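Engineer: Quick one: sequence and predicted model below, then my questions.
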There are 2 protein chains.
Amino acid sequence: MDTTRIVLAARPHGEPTRDDFRTETVTLPDPQAGEALLQTVFLSLDPYMRGRMNDAKSYAAPVELGQTMVGATVSRVLEAPGGEFAPGDLVLGYGGWQTHSVEPVAGLRKLDPELAPPSTALGVLGMPGLTAYTGLLTIGQPKPGETVVVAAATGPVGATVGQIAKLKGARVVGIAGGPEKVAYLEELGFDAAIDHRAPDFVEQLTAATPDGIDVYFENVGGAVWDAVIPRLNTYARVPVCGQVATYNDTELPDGPDRVGWLMRQILQRSLTVRGFIQTEFADQTPQFLQDMGAWVRDGEVRYREHVVEGLDNAFDAFLGMLSGRNFGKTVVQVSEL
Amino acid sequence: MDTTRIVLAARPHGEPTRDDFRTETVTLPDPQAGEALLQTVFLSLDPYMRGRMNDAKSYAAPVELGQTMVGATVSRVLEAPGGEFAPGDLVLGYGGWQTHSVEPVAGLRKLDPELAPPSTALGVLGMPGLTAYTGLLTIGQPKPGETVVVAAATGPVGATVGQIAKLKGARVVGIAGGPEKVAYLEELGFDAAIDHRAPDFVEQLTAATPDGIDVYFENVGGAVWDAVIPRLNTYARVPVCGQVATYNDTELPDGPDRVGWLMRQILQRSLTVRGFIQTEFADQTPQFLQDMGAWVRDGEVRYREHVVEGLDNAFDAFLGMLSGRNFGKTVVQVSEL
């Protein structure tokens, strides 16, 4: 079986360009016992992928040059010699940016399309949902009446954070880019929604957080983080799962250097700033799937997908996501469901 | 009864000068029921006092101009009209930089000189000890075999952190200024001791932490923190109880601005950076006194005091402490024990 795949051709400097990638068609090896041949249906696009393009130590190894770009996928089983899956089964895997893949069956999870639309396994019921659930509840620990602020609030993590925080009785302020996204946050029941592009963004954030901020779910960094810091209350918690505003930066911004200043803020207000990756809390997955599955079924947590047709459009969709041109969880539909 | 006291006369800009303080003698009101008239025996000098001299919101209100500089004291009861204490009793109070004080008895704790030297109530068995105990055990949570690094390691907090970490089975690296202090850390049983003034300090820190750093107990900031960051392991914990290297700074250092860079380190290595003041953990005081009392009695935790004679010398001793010229817990002996 042939696969058409997008490989990393060069390490991007700043914003990735098309020349950093190469599309090629190669023949896959036949699947052996313990493996499955899969056809990609949905490819997930996520901000963490930008980090994998760099040759830098992070929480995961970089993608090697010439390697297929990594990514979670919902795939259809074409062949599973060991009999673990039947042809036609839909599975959650990690096939990457390609049309077909051969993967170890141990890494696959069968999806039941009756329970939820399969693409949700990449979003609200997948990695972004688990990120929101564990980061907010285990690190953020919002109490009823506290103020929770989340940026990139129409994205799959942010929107889920905000809705869970509402379910827990918090006052929730969402930050997003543009009036359409702000309107959507109001529709989701956020107590306030702010456009970070507004010239008076800082004043709006102050007005929307009259009692300060108890939990800031950090996934963007940059100017939003700068505006949030002075609003943080004593004992505020800051789960940090992303810094998407800075992923394409090639140089540090001009000074002064505020590292010491930030440490003094952390000290003076007894702040908790805690980086995490949802894999740290993988043991919460069963409870997450139970809670989130029920919330999604009951309409208590809503989700929105930004579906892009065709692997050819993955690159543009990825760039768009880094700069906020997506609206909801970005998935590439690689083949018909 | 007259008291001679040191009041804040002006808000220091940068390093405090003598002109920022004024010594005056005033007559105290007679103690009423529920109050006690006290004679100061020992005055504690602590880095947090520098923050109280500023007119800035922090975890405690600033000292007002014209007010007596605050500070914990070991004092002798001269008169307690309500009968709660007998004349001659030694108590832990918060009398500040003066020879006598009238204080509410509710804020006083009677000390038993048979159990421990009274001055230890200001150090290893007092606020600095509780800071070390709660910050290390509740936030740092060192596991046997992990590497704990602490700066200002001959100070009352740092020395206690290091010795508790050893009792918990960690590998302990202390950082201090000058060969005499480094030798003392070796005497205390630290696994390695490094002089932060050494030209190859960064290389020495790297060599002393071959397995990286799991807990960095942060009380100084500045160049030591810069050197520690790259050595922090995934899931490292950083309790932050001080930033003494920067307390006299009047401007932020030149750029580039590394705030975003620091946030990415926190993200990529799932770090926990947690500011705290020991008052947050005041409910652990009985357990602390029990554990630490036993450790001190058994010689498992040793302490060192830097005793300065006379209230007149408090100012110089305070400046010296901020720049590391003290050696151990700084106390001013204001009157004979």
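Structural biologist: Right, received. Where do you want to start?
Engineer: Please make it C-alpha for all contacts and neighbour counts, starting now.
Structural biologist: Will do.
Engineer: so who does the residue in chain A that chain B sits nearest to touch?
Structural biologist: As assessed by C-alpha to the nearest C-alpha, chain B sits closest to A:G255 within chain A, at 3.3 Å. A:G255 makes contact with B:P253, B:D254, B:G255, B:P256, B:D257, according to C-alpha atoms under 8 Å, 6 or more residues apart in numbering or on different chains.
Engineer: Ok, A:N54 next?
Structural biologist: A:R11, A:P12, A:P62, A:V63.
Engineer: on that earlier part again, for the contacts of A:G255, pick the one with the most neighbours.
Structural biologist: Counting neighbours by other C-alpha atoms under 10 Å in any protein chain shown, the top entry in the contacts of A:G255 is B:D257, with 18 neighbours.
Engineer: check contacts around that residue.
Structural biologist: Contacts of B:D257 by C-alpha under 8 Å, 6+ apart are A:L252, A:P253, A:D254, A:G255, A:P256, A:D257, A:R258, A:V259.
Engineer: Can you pull the phi/psi pair for the residue lying closest to it once chain neighbours are set aside?
Structural biologist: Nearest residue to B:D257 in three dimensions, chain neighbours excluded: A:D257, at 3.9 Å (C-alpha to C-alpha, 6 or more residues apart in numbering or on different chains). The phi/psi pair for A:D257 (degrees, to the nearest 10) reads phi -80, psi 120.
Engineer: Can you check the pLDDT for A:D257?
Structural biologist: Listed pLDDT for A:D257 reads 96.
Engineer: A:D55 contacts A:P62, correct?
Structural biologist: Yes: contact criterion C-alpha atoms under 8 Å: A:D55 and A:P62 qualify, at 5.7 Å.
Engineer: Among those two, which residue is more densely surrounded?
Structural biologist: A:P62 (18 against 14).
Engineer: Hmm, the more buried one is touching A:R50, no?
Structural biologist: No: at 9.7 Å, A:P62 does not count as touching A:R50 under the criterion of C-alpha under 8 Å.
Engineer: where does the stretch 151-300 of chain A come near chain B, residue by residue?
Structural biologist: A:221-222, A:240-243, A:246, A:252-264, A:266-277 (C-alpha under 8 Å from any C-alpha of the partner chain).
Engineer: quick one: which of those sit in strands?
Structural biologist: Residues of those located in strands (DSSP state E): A:V240, A:T272, A:V273, A:R274, A:G275.
Engineer: would a markdown table of the residues you listed with pLDDT be doable?
Structural biologist: Shown next, in a markdown table, are those (pLDDT from 0 to 100):
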| residue | pLDDT |
| --- | --- |
| A:V240 | 98 |
| A:T272 | 98 |
| A:V273 | 98 |
| A:R274 | 98 |
| A:G275 | 98 |
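Engineer: Is A:V296 located within a helix, as I assumed?
Structural biologist: Yes: the assignment for A:V296, made by DSSP: H, G, I helix; E, B strand; the rest coil, places it in a helix.
Engineer: mind checking how far it is from A:T120?
Structural biologist: 10 Å (C-alpha to C-alpha, to the nearest Å).
Engineer: How about A:A317?
Structural biologist: 18 Å.
Engineer: just to revisit the earlier point, so for the residue of chain A closest to chain B, what's the nearest residue that isn't a sequence neighbour?
Structural biologist: Using C-alpha to C-alpha, 6+ apart, the nearest residue to A:G255 is B:G255, at 3.3 Å.
Engineer: Residue ranges of each domain in chain A, please.
Structural biologist: Using the TED database, the domain ranges for chain A come out as A:2-123+A:303-333, A:127-279.
Engineer: Quick one: end-to-end distance for the last one.
Structural biologist: What it means is domain A:127-279. 9 Å.
Engineer: next one: the first one
Structural biologist: Between the start and the finish of domain A:2-123+A:303-333 there is a gap of 18 Å, counting by C-alpha to C-alpha.
Engineer: How far off centre is it?
Structural biologist: The chain centre lies 14 Å from the centre of domain A:2-123+A:303-333; the measure is C-alpha atoms, centre = their mean, to the nearest Å.
Engineer: Does chain B have contacts with stretch A:132-147?
Structural biologist: No: Stretch A:132-147 stays clear of chain B (C-alpha under 8 Å from any C-alpha), getting no nearer than 10.1 Å.
Engineer: Might you report the residue contacts of A:E79?
Structural biologist: A:P31, A:A36, A:L37, A:L38, A:F85, A:A86, A:P87.
Engineer: number of nearby residues for the residue nearest to it when sequence neighbours are not counted?
Structural biologist: Spatially, and ignoring its direct neighbours in sequence, A:E79 is nearest to A:L37 (5.1 Å; C-alpha to C-alpha, 6+ apart). By other C-alpha under 10 Å, 25 other residues sit near A:L37.
Engineer: State the phi and psi torsions of A:L37.
Structural biologist: Per degrees, to the nearest 10, the backbone of A:L37 is at phi -90, psi 130.
Engineer: Could you do the one 4 residues further on as well?
Structural biologist: Dihedral angles of A:V41 (phi, psi; degrees, to the nearest 10) stand at phi -100, psi -60.
Engineer: give me every residue that touches it.
Structural biologist: Here A:V41 is in contact with A:T73, A:V74, A:S75, A:R76, A:T99, A:Q333, A:V334, A:S335, A:E336, A:L337 (criterion: C-alpha under 8 Å, 6+ apart).
Engineer: Chain neighbours aside, what residue packs nearest to the first one?
Structural biologist: Nearest residue to A:T73 in three dimensions, chain neighbours excluded: A:L43, at 4.6 Å (C-alpha to C-alpha, 6+ apart).
Engineer: Since that was my last question, I'll sign off now.
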